[in-house]
Structure formats: C-alpha cells, structure tokens
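Colleague: here are the coordinates; sequence isn't available:
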C-alpha cells in the first residue's frame, strides 16, 4: 500500500525528470551545445536573435551574430502543453494578474539567467554534466527562493487572474505555431547563426518531436524548478524536487552512456564562466523573481501553452530581457561576465524585486 502511494505521488514527476534529462542528453548528442540540451533562457535568447532583436557577436563577414536561431524546442514545449491541455479540457484562458509587473520581473529574471548563463533547468543539466559553477548557481538559486518565501509567508500576491476568452488564450500558442511554420517553410525570414552556440543545433524535426513530448509530460506533472524548492521549504512536500534530482541523475548517466564523459571542475566547462560571485548573484535574482512570478521559465512556457496570458506576457518579458542583456553587454560568455554595467543591472533588479515584494505584501510582520 505504501509502495503504491509512493509511486502514485512521485512516479509521474520522476518519470518526467528522467524524460527531461534524457531529452537534454539526446539533443546534445544530436548537435545542441554541450551542457545546453534544454535551456529555456538560452533558447529564448536565440529566438530573440532569430527575430533580430539582438545581434551579439555580429560580423559583417558572416552577416549574423553567434546566438541567433528560432529554436523549435521552445515552440514544441508550448504546443505540446497546449495540445494536451486542449485534449483533456484543461485549456482555461485566464489573466490580468499584474501583467506589467510580471513583464518587468521577467526582464530581470532573464538578465540574471544570462549573467549566470542558463535558466534553472540548464543549471541542473550543467550539474549533471559535472559543472561545479552550476553548484554555485544552485546555492544562489536557493537563496533567492528563500528570500521570495519570506514574502510569500507574509501574504505576497500579484492579485487574482480572471477568465478570458478562448481567442485570448490561443494567441500565444498561435504565435508559436506561426514561428514554427516560418522556421520550416520560410527559414530565410529568420536570422540563423553560422558560428557560435546559435549554429549548434539538433535536427529541427527531432528537436520538435522531443519538445512536444516534454511539453506534454510537463503539463501533466506540473514540473517546476522553483516549485520544488519552494514546496519542500513551505510544505515539506518533496514531489517536485524529486524530478529535479531525476534530471541530474539521468544527465549524469546519459553523458557516461553516450561518451561525453563526466569531469567535475570549475574550469573549461562548455558555455560557462567561473566567476563565482556573479554565478551566485545571477541565480539569486532568478530564484527570487521566479518565486514572485509563481514558477520558473520552463513552467511559464507550459502555463502559456495552457492559455495563461499572464505567463504569455512573462515569456514575452523573457525575450525582451534576453535582447536587452545582449544589446547592453550584460550577458556573460565563456570568457567571463559581460562588458556592460552588469553590477548596476543586477543591483537594480534586486531593488525592483524588493519594492515589488513589499508593495504586494498584504500582511507584514511587525
């Protein structure tokens, strides 16, 4: 009986974690950058580049930047979630919960992620690949979540969302479908890197198929990187965090299986830097902001696929944040942190999050 209860509570999430980890390893083996098989922040940044919102590393010789590609993984995640939600009658459009506040938070969450060089999902994938810089990022991520939890306990809320029309809910998945059609039918309309991380990609059809499966599984399991730590601290509920662990273990095993090797170190890790302070602070910003938003970047994509227009606004904020990070020199690279006003940007993000947290807290302890 206890075994059945455990399998019922933890089984779907662990299986989803294994699927996500296996997908990350497979996509890397098929061409995606190493330790970046699935990175929501990186892929949204690449989409911003594909739309020519940013041209990081642009050269006249190639006519492109180094992080420009309409990654089908993003479209697949949204559409996979949308198809399952529609099929199970769980597509329930709603929104109106402080959309502009969510947009601003999302911009700075993305800036923090690109200072670290990855979203929470890539953070655990990097840990599974032996990148100890990501362990530093994990410490920062947990600290950020703990700060957010302080305000949750005191009544933080971005207010309620309201039911919206089916048309409203379908707009974001429709945009993702349109971008996908352009990618396959008229790719010349989009920018595509010929060097750098943007040029490294799994075959588009394979990437789409994998992402559709992951999007569907995530919609059913409610997987969320932030939610795992938040629920463990607030409710002593370790279901979501079990998927977190399953991803790391699967990526480790997968890397050994496909011959990528597993070297635990700070130096020489792919698409990563070893500036501990900024790895930490970038992920503090991501953790805190994601608690305020109610979910990590992956979760926001899945919710947008279910018709949540607040999450659609949030994802739009991520894309704008990615463009701003590169255009203003805030994004890090393998050589270190960006050349722009990184400290100012991260500092402003912390101040804004503090103001938003206090302003939307109903019950301060006195």
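Modeller: Cool, the structure landed. All of these numbers come straight from a predicted model, not from anything done at the bench.
Colleague: dump the residue contacts of the closest residue to residue 115 other than its chain neighbours.
Modeller: Counting by Cβ to Cβ, 6 or more residues apart in numbering, residue 115 lies nearest to residue 282, which is 3.4 Å off, once chain neighbours are set aside. Backbone N, C-alpha and C define where each C-beta goes, glycine included. For residue 282, the contact set (Cβ atoms under 8 Å, 6 or more residues apart in numbering) comprises 112-116, 137, 140, 332, 346.
Colleague: Tell me where the model's unsure across the protein.
Modeller: 1-4, 363-366 (pLDDT under 70).
Colleague: all strands of it, in order?
Modeller: 94-95, 162-163 (DSSP state E).
Colleague: thinking again about what came up before, compare the contacts of residue 282 and tell me which has the most neighbours.
Modeller: Neighbour counts for these, by other Cβ atoms under 10 Å, peak at residue 113, which reaches 35 neighbours.
Colleague: Against residue 226, how distant is that one?
Modeller: According to Cβ to Cβ, to the nearest Å, residue 113 stands 12 Å off from residue 226.
Colleague: quick one on the thing from earlier: now, of the strands of the chain, which is deepest in the fold?
Modeller: Using mean count of other Cβ atoms under 10 Å, the stretch among the strands of the chain with the greatest mean number of neighbours is strand 94-95 (a mean of 19).
Colleague: so what secondary structure elements neighbour it?
Modeller: Contact analysis of strand 94-95 by 3 or more Cβ pairs under 8 Å, 6 or more residues apart in numbering; DSSP states H and E lists strand 162-163, helix 309-327 as its packing neighbours.
Colleague: hang on, the earlier thing: in helices, which of the contacts of residue 282 appear?
Modeller: Within these, residues falling in helices by DSSP state H are 112-116, 137, 140, 346.
Colleague: Let me have these in CSV, extended by distance to residue 148.
Modeller: Below are the ones in helices among the contacts of residue 282 laid out as CSV (distance: Cβ to Cβ, whole Å):
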residue, distance to residue 148
112, 13
113, 16
114, 20
115, 18
116, 17
137, 16
140, 13
346, 16
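Colleague: Tell me the one among these nearest to residue 263.
Modeller: residue 137 (17.7 Å; Cβ to Cβ).
Colleague: ok, that closest one - contacts?
Modeller: Contacts of residue 137 by Cβ under 8 Å, 6+ apart are 116, 118, 123, 126, 279-280, 282-283.
Colleague: List just the nearest of those to residue 171.
Modeller: residue 118 (28.5 Å).
Colleague: And residue 194, its phi and psi?
Modeller: Torsion angles at residue 194 (phi, psi; degrees, to the nearest 10) stand at phi -110, psi 0.
Colleague: ok, it - contacts?
Modeller: Neighbours of residue 194 in contact, by Cβ under 8 Å, 6+ apart: 62, 64.
Colleague: out of the strands of the chain, which comes closest to residue 294?
Modeller: Short answer: strand 94-95, nearest of these by Cβ to Cβ, at 12.6 Å.
Colleague: quick one: contacts of that closest one?
Modeller: So strand 94-95 is contacted by 161-164, 168-169, 307-310, 312-313 (Cβ under 8 Å, 6+ apart).
Colleague: one more time with 7 Å, if that's ok
Modeller: Applying Cβ atoms under 7 Å, 6 or more residues apart in numbering, the contact partners of strand 94-95 are 161-164, 308-310.
Colleague: What about these, which one has the most neighbours?
Modeller: That'd be residue 308 among the contacts of strand 94-95, by other Cβ under 10 Å, with 26 neighbours.
Colleague: Residue 65 contacts residue 53, doesn't it?
Modeller: No: with contact defined as Cβ atoms under 7 Å, residue 65 does not reach residue 53; the gap is 10.6 Å.
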